[in-house]
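>>> sequence plus the predicted model coming up.
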Amino acid sequence: MSSGMFTKGNAKNTVVDSSSINLIGRGTQLTGDIRSNGDFRIDGQHKGTISVKGKLVVGATGSIEGEIECQNADISGEIKGRMNITELLVLKSTARLTGDIVTGKIAIEPDAQFTGTCTMNGGVVKNIKAESAARSEPKAEAV
């Protein structure tokens, strides 16, 4: 195998191809965590955490249930969960998003559906889990 994505030997010799483009095709269902140094496109269904250093594209037939962290995202399908986008999130007209977003910039086309909260922070990535936990933790009161 000549691809840079595959390695021989132990994990210390792992070669990562940051220019890779990965795909979960229509009709494919995947459960678990995904980490990628390249771009990722989902036209199937995924449940779990996705961490992409490049761009995440969710096609019109794609759906994700879970937490997403990436640099840029173009969403045409369905998302249920939290999103942490460093730069730009684009919700296409067929997008259906339910959840919390932290992003540098957002573009929403007419007819896109979005239910949840959005925090725009000029590209400063925040930890959504910690932020959410801080809002829901009971406050200690002095007696």
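Received the coordinates, thanks.
>>> can you name the residues that contact the residue nearest to the spatial centre of the chain?
Residue closest to the average C-alpha location in the chain (Cα atoms, centre = their mean): Ile68, at 2.5 Å. By Cβ atoms under 8 Å, 6 or more residues apart in numbering, the contact list for Ile68 reads Thr49, Ile50, Val52, Leu56, Ile79, Gly81, Arg82, Met83, Asn84, Ile85. (C-beta placed from N, C-alpha, C; glycine too.)
>>> next, count neighbours for the first one.
The burial count assigned to Thr49 is 16, neighbours taken as other Cβ atoms under 10 Å.
>>> that one against Leu30, yeah?
No. If you go by Cβ atoms under 8 Å, Thr49 and Leu30 don't touch, sitting 11.7 Å apart.
>>> quick one, phi psi at the closest residue to Lys53 other than its chain neighbours?
Nearest residue to Lys53 in three dimensions, chain neighbours excluded: Asn37, at 4.9 Å (Cβ to Cβ, 6 or more residues apart in numbering). Dihedral pair for Asn37: phi -90, psi -10, per degrees, to the nearest 10.
>>> count of residues packed around Asn37?
Neighbours of Asn37 (other Cβ under 10 Å): 15.
>>> these two touch, right, it and Gly54?
Yes. Using Cβ under 8 Å, Asn37 is in contact with Gly54, at 7.3 Å.
>>> and Thr61, what element?
Assigned by DSSP states H and E, Thr61 belongs to neither a helix nor a strand.
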